[in-house]
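**Q** Build the 3D model from these lines:
(chains A and B)
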Amino acid sequence: MASQPDSVLLDVQNLSRSFAGIHALNVVSFSVEPGRITSVIGPNGAGKSTLINVITGVYTPDSGGISFAGKNIAALPAHVVASKGIARTFQLEELFSSMTVIENAMTGCHGKSRSGMLACGFALPSARREEKRIHDEAMECLTMVGLEEKASEPISRLPLGERKLVGIARALCMKPSFLMLDEPAGGLAGHEVERLVGLIHSLLEQGLTILLVEHNMPFVMSLSEKIVVLDAGVKIAEGPPETVKNDERVIKAYLGQEL
Amino acid sequence: MKSKRPLPVLWILVIVGLAVLPFVTPGTYVIGVMCFVAFYATLACGMAVLLEQAGLFSLAAPTFFGLGAYVAGILAAREILPPWAGIIVAAVVVAAIAYVIGAPLLRLRGYYLACATFGLLFIVEIALAQSGEITGGHDGLIGIPPLSVFGFTLRGDLHYYFVSWGFCLGCLWFFFNLMSSRVGRAVRALHDSEIAASTVSINVARCKLHVFVLTAVMASVAGSLYCFYLQFTTPSMFGFPLLVELFTMIVIGGATTLYGPVLGAVVLIWLREAIHVYLKGILPKLTAEVDAVFFGVLIVAILIFMPEGLAGGLDRLAHFGRRLLGKSA
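**A** The predicted structure follows:
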């Protein structure tokens, strides 16, 4: 199934990227099927975040190809990759700290709005109408993650768990077809993780394709249909949770214990 | 939060206050000083937007101010174009210059951008001083006619008072609109996280360039108006001392709000006037020295007690007041 082009949304081929001689990614290949949730796991320094950064164009790959919906996106600038419908969150949030919750979400609408500097500065009716539309869309996304009541709070007043949700709302405002979540459950309390699982399920039901990078094992195992395991920049296993869980190399390299 | 519009009431109060001012003050002294306040306030406001909102450490405001003054001044003094057309041509020329030098310079970050634009400040000042045949050199450009539009000639402080403050408040209004719009959010996103900005489809390089060119054009128009007001310019008017002046205004007024630098300009220039009038009587020979020491102390005091400037202090006061009212109600 996975080899048929129309059933692959993201295809990563022999991707490599090194920093000062350290191979953060070493000839990594895998694919993501549309409408599914694929997870990338691995110990610290395995190259998980680098992988997301290379796919989104924050870093350029040294070699290898990335195709999204059949089109090559390797080495495109980040804002162009984003405009293709690829959204992401960050492990360390990377929210706009000087803005309110809703303003953060509204930046997500940037790519799908057009008003220019003069139209905005002179507050032309067209710009005002668009601003209202952006506001409504952002509010919808905040409602989806359950933060509609905190819309006008400054980011700094939110606890970690809610800040992570703001990051997801911002990504959802981009109306993406593919969403990458970089350790969304990191640092969250148990009930917050449950809420996140519910959110991810509802996003999948809406047809979104998700790539999940995560440390929290029960979280990954319960959600994923396919898991890719990285260790020191190399892919050491790929498959459904049951297979990966029992793979000797995975147990040795990453888990070091029974699951 | 930062770009929250002030109450319309506040706008009306300021506009009414400024409109009434010429008719309640004797002579032209107050109005003349207020013209300078308006020009500097416009510059400081644009510079603060770059520094605080966009996170671009650009020191090029005096340069574009000077170029706007010289281009419009030369065109008018040599009767190549009428003054009003000179303002437009100057704005276009400065926009083109800002675009061409901004594209490579804005790739620099933080202090490196400051260094590069600081160099630009000296290059332009020296170039203006050395090309005597065109610019009048060190002695300055003379023979600039007053501004005239459709047969109406602006003469005297009062006319320029209304034009300069009209432009200043217009720029402020523009910034208020801009900063609460999608473009403004993109600009503020640059300041907070360029990586996150680029992953929500914001073209970081283009966004920086656009806001840089915008403030350059505003500085240029302010400069053109300034040269028609004074009917005289010298290169040293657009050098390092002006930059220090603008920084002082921004620090005193506070850059976290858009109107802070305007407040800073009003306070700085009027304090200086007051000091000079007072000192002339008792220490006629030491005026400049005492002035420097006073403003040095003032900046340090503001940085310690009001790190967000007067405007930041006022904001906190207003917030506190609102909470008190809210509790009692």
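
**Q** Point to the residue nearest the middle of chain A.
**A** Closest residue to the average C-alpha location of chain A: residue A:180 at 1.7 Å, with Cα atoms, centre = their mean.

**Q** For the strand or helix carrying that residue, which outside residues touch it?
**A** Residue A:180 belongs to strand A:178-182 when elements are defined using DSSP states H and E. Strand A:178-182 is contacted by residues A:9-10, A:32, A:48-49, A:52, A:55-56, A:68, A:85-91, A:168, A:171-172, A:200, A:203, A:208-214 when judged by Cβ atoms under 8 Å, 6 or more residues apart in numbering or on different chains. Heads up, the C-betas are built off the backbone N, CA and C, glycines and all.

**Q** how far out from the middle of the chain is the longest helix anywhere in chain B?
**A** Using DSSP state H to define each element, chain B has its longest helix at helix B:204-230. Averaged C-alpha coordinates place helix B:204-230 at 9 Å from its chain's average position (Cα atoms, centre = their mean, to the nearest Å).

**Q** counting contacts, what elements does it pack onto?
**A** On a contact count with 3 or more Cβ pairs under 8 Å, 6 or more residues apart in numbering or on different chains; DSSP states H and E, helix B:204-230 meets helix A:117-121, helix B:29-48, helix B:61-77, helix B:83-105, helix B:156-179, helix B:182-192, helix B:194-199.

**Q** re earlier: same for chain B: which of the contacts of strand A:178-182 are within range?
**A** Contacts with chain B within the contacts of strand A:178-182, counted by Cβ under 8 Å from any Cβ of the partner chain: A:56, A:87-88, A:90, A:171.

**Q** So which of these belong to strands?
**A** Residues of those located in strands (DSSP state E): A:87-88.

**Q** Let me have the ones next to chain B among the contacts of strand A:178-182 in CSV, extended by distance to residue A:102 and neighbour count.
**A** Rendered in CSV, the data for these read as follows (distance: Cβ to Cβ, whole Å; neighbours: other Cβ atoms under 10 Å in any protein chain shown):
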residue, distance to residue A:102, neighbour count
A:56, 24, 23
A:87, 17, 27
A:88, 20, 29
A:90, 19, 23
A:171, 15, 24
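
**Q** So which of the ones next to chain B among the contacts of strand A:178-182 is the closest to residue B:253?
**A** When these are ranked by distance to residue B:253 (Cβ to Cβ), residue A:90 comes first, at 34.4 Å.

**Q** For the residue nearest to residue B:174 when sequence neighbours are not counted, give me the pLDDT.
**A** Nearest residue to residue B:174 in three dimensions, chain neighbours excluded: residue A:121, at 4.2 Å (Cβ to Cβ, 6 or more residues apart in numbering or on different chains). pLDDT for residue A:121: 94.

**Q** For the residue nearest to the centre of chain A, list each beta-bridge partner.
**A** residue A:88, residue A:211 (DSSP bridges).

**Q** Averaged pLDDT, stretch A:103-112. What do you get?
**A** On average, stretch A:103-112 scores 95.

**Q** my bad, stretch B:177-197
**A** 95.

**Q** in it, what counts as buried?
**A** Neighbour-count burial for stretch B:177-197, counted by 16 or more other Cβ atoms under 10 Å in any protein chain shown, picks out B:177-194, B:196-197.

**Q** confidence score at residue 125?
**A** If you meant another chain, say so; for now it's chain A. For residue A:125, pLDDT reads 95.

**Q** my bad, chain B
**A** As summarised for this prediction, residue B:125 has a pLDDT of 94.

**Q** quick one, what contacts the most centrally placed residue in chain B?
**A** The geometric centre of chain B, computed from its C-alpha atoms, lies nearest to residue B:43 (Cα atoms, centre = their mean), at 1.1 Å. Contacts here follow Cβ under 8 Å, 6+ apart; on that basis residue B:43 touches B:61-62, B:65, B:219, B:222, B:246.

**Q** can you put those in JSON lines and add pLDDT?
**A** Converted to JSON lines, the contacts of residue B:43 look like this (pLDDT from 0 to 100):
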{"residue": "B:61", "pLDDT": "95"}
{"residue": "B:62", "pLDDT": "96"}
{"residue": "B:65", "pLDDT": "97"}
{"residue": "B:219", "pLDDT": "97"}
{"residue": "B:222", "pLDDT": "97"}
{"residue": "B:246", "pLDDT": "94"}
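
**Q** which bits of the stretch 201-329 of chain B sit near chain A?
**A** Within the stretch 201-329 of chain B, the positions near chain A by Cβ under 8 Å from any Cβ are B:201-204, B:210-211, B:214.

**Q** of the residues you listed, closest to residue B:318?
**A** Once Cβ to Cβ is applied, the member of those that ends up nearest residue B:318 is residue B:211, at 27.8 Å.

**Q** What is the neighbour count of the closest one?
**A** Residues lying near residue B:211 (other Cβ atoms under 10 Å in any protein chain shown) number 26.

**Q** What residue in the stretch 101-250 of chain A comes nearest to chain B?
**A** residue A:111 (2.8 Å; Cβ to the nearest Cβ).

**Q** for the residue of the stretch 151-300 of chain B found nearest chain A, helix, strand, or coil?
**A** In the stretch 151-300 of chain B, the residue that lies nearest chain A is residue B:201 (2.8 Å; Cβ to the nearest Cβ). Three-state call for residue B:201 (DSSP: H, G, I helix; E, B strand; the rest coil): coil.

**Q** Count the residues that sit near residue 232.
**A** Picking chain A for this. Neighbours of residue A:232 (other Cβ under 10 Å): 15.

**Q** you looked at the wrong chain, it should be chain B
**A** Here the number of neighbours of residue B:232 (other Cβ under 10 Å) works out to 16.

**Q** how much space between it and residue A:246?
**A** Using Cβ to Cβ, to the nearest Å, we find residue B:232 at a distance of 86 Å from residue A:246.

**Q** Show the average pLDDT along stretch B:141-151.
**A** Mean pLDDT, computed over stretch B:141-151, is 87.

**Q** Check the offset of it from the chain's centre.
**A** 22 Å.

**Q** Contacts made by it with the rest, please.
**A** The contact list for stretch B:141-151 (Cβ under 8 Å, 6+ apart) reads B:70, B:73-74, B:76-77, B:82-84, B:87, B:135-136, B:153-155, B:160, B:163, B:225, B:227-234.

**Q** give me that answer again for 6 Å
**A** Residues outside stretch B:141-151 that contact it (Cβ atoms under 6 Å, 6 or more residues apart in numbering or on different chains): B:73, B:76-77, B:83-84, B:135, B:153-155, B:227-228, B:231-233.

**Q** What's the end-to-end length of it?
**A** Stretch B:141-151 has its terminal residues 24 Å apart, counting by Cα to Cα, to the nearest Å.

**Q** List the buried residues of it.
**A** Buried-residue list, stretch B:141-151, by 16+ other Cβ under 10 Å: B:141, B:144, B:147.

**Q** again, but for stretch B:233-248
**A** For stretch B:233-248, by 16+ other Cβ under 10 Å, it's B:233-235, B:237-239, B:242-243, B:245-248.

**Q** Let's see the pLDDT reported for residue B:329.
**A** On the pLDDT scale, residue B:329 gets 46.

**Q** If anything else comes up later, I'll come back, but that's it for now.
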